[in-house]
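Q: take this sequence and fold it.
(2 chains)
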There are 2 protein chains.
Amino acid sequence: MKKRLFTPGPTPIPETVMLKMAEPIIHHRNPEFNEILTRVNKNLKVLFQTEQPVLTLTASGTGGVESTFVSLFSPGDTIIAANGGKFGERWVKMPKAFGMNVVEIKVEWGKAPTAEQVLAALKANPAAKAVYLVHSETSTGAATDVKTLAKLIRENSNALVCVDGITAVGAHEMRFDEWGIDVCVTGSQKGLMIPPGLAFVALSQRAVAAMESSKMPRFYFDLKKALKSYQDNDTPWTPAVSLVIGVDAALQQIVQEGMENVWARHQRLANAIRAGVTGAGLKLFSEFPSYAVTPVWVPEGVEWKKFNKTLKGKYGITIAGGQDEYKDRIFRISHLGYYDELDMITMIGALELTLKECGHSFELGAGVKALLQSLASR
Amino acid sequence: MKKRLFTPGPTPIPETVMLKMAEPIIHHRNPEFNEILTRVNKNLKVLFQTEQPVLTLTASGTGGVESTFVSLFSPGDTIIAANGGKFGERWVKMPKAFGMNVVEIKVEWGKAPTAEQVLAALKANPAAKAVYLVHSETSTGAATDVKTLAKLIRENSNALVCVDGITAVGAHEMRFDEWGIDVCVTGSQKGLMIPPGLAFVALSQRAVAAMESSKMPRFYFDLKKALKSYQDNDTPWTPAVSLVIGVDAALQQIVQEGMENVWARHQRLANAIRAGVTGAGLKLFSEFPSYAVTPVWVPEGVEWKKFNKTLKGKYGITIAGGQDEYKDRIFRISHLGYYDELDMITMIGALELTLKECGHSFELGAGVKALLQSLASR
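A: Here you go, the predicted structure:
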């Protein structure tokens, strides 16, 4: 059976990238590898729309975010973190584990933090060293208006603007320099279309300056060390060589398509999949939908387990289920990374067949029709 | 030009493993991946010769060692660390970064810590919580007698026996349970023959118990969290999926060959390469040579840079140079991982041709002859 992945990380890997990673491995202190890392470093700046350094760490995205807490702050420092899902929740727990004081902006699942909430938190905590925002909350599919909030934070405080861009970078417009972002983290298995194992951390000059006064114990995730090695297109510890080779190939593909085209494609696919889903009579979960992933309510009368088993067992399609209180109640279709318009038709076609088998009452073909109309109308 | 890697990590990857990793990626919460991780967990026990858990982390070996410091100890705790090279040095610096008190056993480069040194350190520091040993010090090619020292530590203290097995596991006999080891760490790009990006940490029951009282701030490298997920053959954060798939294939190959055969092969290859090197009139650097890597003095009259450039440029062979004060003075040939006897002939043949071109005076063919004699005599 053909297998198709529609999960928000790992996302599908272009065949050319897979094969590149399967070539005989090279040593990371070789001039050839230095050449690769030099090109990766250059192209990461395009991805993040920045002239600032973007560091490559061997870790998952969670490790990437940890590197920012332990390298920029000190125990006892206050930060503000918006929590509207599984990942927002993690960025509340993590700094606490390192002795930081965390002011939480509680956001209902499916919604995004508002300007009013952020402003109130800043006013109440003038000493806050940073505000952490999740650009695209994978668990709920909700997108945060980073552009507006970054401006607001800059205008009303000295807090650093720190962005979890893990499922957003490469899907959503994000202009690191222009928007005044100080920290942005992403992972390799998302918009970058390669397997998990690398994290990328962009740092503004203000963020680099903050590292000077940080008193957090750290070693592996010390961004000062990483930045020093970065100046020579090197890494302090052995990097995940094959993944760096993969991200080199993937970044070249992204840069060739052009960032604005990549963003526009994600928006187009997100709109199409939503037209398809609602066309088949289902309801969207998120109020501010991300272009990376579309969460959908499991329709009444349909049992999630049977639905998922059919979709996977009969059609070879893997999607993601709901988490925590939304387990068995929502499902999530990803369109982040290596997808095109025809992949969306495949997905909605299989969804319709599966819904029919699970007893959902609707006009078969209505989802695909709505999807095609969305694609044709652009 | 054919390219051949003789470096102590990354080491060459079996073609079948490369291709396995290049297959379409799967999701880490899929039953298929759970099956893979279940098999990996089972086979890691064979590799480490243990019935205890061996955890898989997405990080380089350095991250694996960090996980043991931050998960088993508390700031202010005393540990003893043997430092006889670049890696021993790192395990002195790292715990200090986390506020630990480190008693350093200074070992001359090329030598290994003695029983007397370890005993003296234990007597002088009865409160020491652990002794960290480097089984095979990659920078010097020196092997530590872990079996003897582990017994000695167990008999004379309550300190945990912690082993950096990064370039030793898979090359040197190592029996985690039988020898009374409490912690052993290795990396993926060494004896495990896959690209860098994974670390593996074996933990004894004493080590697991030590985690209960640890007060170190941590999150990503929290082995308590990793151990909890491990019980379900899962990981707390997104693992480096393609590397786990690779290590599954590599471990099956290792288990099929059999641990005692794998260790014997490494010993045979190490002896052969040393016969070849000395046959060509060169001198070995290390007094207690590891079976993973052979460091050799650059002979008088030969310039390292020219030698290395010829070996790489004309014969496509990458070896490792010396580090720190031994930069340009020694070189290191690795025979760790996916090598057989014929690879050693290739290596010494190229070495002889290169030495000749660099003006070293010796009888061409004497190295290969000695190597063949070593192989024939077993």
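Q: quick check: residues of the stretch 201-350 of chain A near chain B?
A: A:217-222, A:237-243, A:318, A:320 (C-beta under 8 Å from any C-beta of the partner chain). Every C-beta, even on glycine, is put in place using the N, C-alpha and C of the backbone.
Q: now the helix or strand containing residue A:16: average pLDDT?
A: Element membership of residue A:16, judged by DSSP states H and E, is helix A:15-21. The predicted model gives helix A:15-21 an average pLDDT of 96.
Q: now, which of the residues of the stretch 201-350 of chain A next to chain B lie within helices?
A: Of the positions in those, A:241-243 sit in helices, assigned by DSSP state H.
Q: pretty sure residue A:312 contacts residue A:320?
A: No - with contacts counted by C-beta atoms under 8 Å, residue A:312 stays clear of residue A:320, the gap being 11.6 Å.
Q: who has more neighbours out of those two?
A: Neighbours were counted for residue A:312 and for residue A:320 using other C-beta atoms under 10 Å in any protein chain shown; residue A:320 has more, 22 against 18.
Q: starting at the chain centroid, how far to stretch A:329-336?
A: 14 Å (C-alpha atoms, centre = their mean, to the nearest Å).
Q: tell me where the stretch 251-378 of chain A has strands.
A: A:293-297, A:317-318, A:320-321, A:330-334 (DSSP state E, counting those that start in this stretch).
Q: I'd like those strands as CSV, with distance to residue B:19 and mean pLDDT appended.
A: Converted to CSV, the strands of the stretch 251-378 of chain A look like this (distance: least, C-beta to C-beta, whole Å; pLDDT from 0 to 100):
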stretch, distance to residue B:19, mean pLDDT
strand A:293-297, 31, 97
strand A:317-318, 22, 96
strand A:320-321, 28, 96
strand A:330-334, 26, 97
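Q: among the ones you listed, which is nearest residue B:121?
A: strand A:320-321 (51.7 Å; C-beta to C-beta).
Q: the helix or strand containing residue A:80: what's the following helix or strand?
A: Here residue A:80 sits within strand A:78-83, counting by DSSP H and E. Beyond strand A:78-83 in the direction of the C-terminus, DSSP H and E gives the next helix or strand as helix A:86-97.
Q: just the buried positions in that next one, please.
A: Within helix A:86-97, the residues scored as buried using 16 or more other C-beta atoms under 10 Å in any protein chain shown are A:86-92, A:94-96.
Q: which secondary structure elements does the helix or strand following it contact?
A: With elements assigned by DSSP H and E, the helix or strand that comes after helix A:86-97 is strand A:101-106. Judged by 3 or more C-beta pairs under 8 Å, 6 or more residues apart in numbering or on different chains; DSSP states H and E, strand A:101-106 is in contact with strand A:78-83, helix A:86-97, helix A:115-124.
Q: need the CA coordinates for the longest one. CSV is fine.
A: This file holds the C-alpha atoms of helix A:86-97, laid out as CSV (Å, rounded to 0.1, in the frame of the first residue of the first chain):
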residue,chain,number,x,y,z
LYS,A,86,0.6,21.5,24.3
PHE,A,87,3.6,23.5,23.1
GLY,A,88,2.7,26.7,24.8
GLU,A,89,2.3,24.6,28.0
ARG,A,90,5.8,23.2,27.5
TRP,A,91,7.3,26.7,27.3
VAL,A,92,5.6,27.4,30.7
LYS,A,93,7.0,24.3,32.3
MET,A,94,10.5,24.4,30.9
PRO,A,95,11.7,27.8,32.2
LYS,A,96,10.2,26.9,35.6
ALA,A,97,12.4,23.8,35.6
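Q: all set now, cheers.
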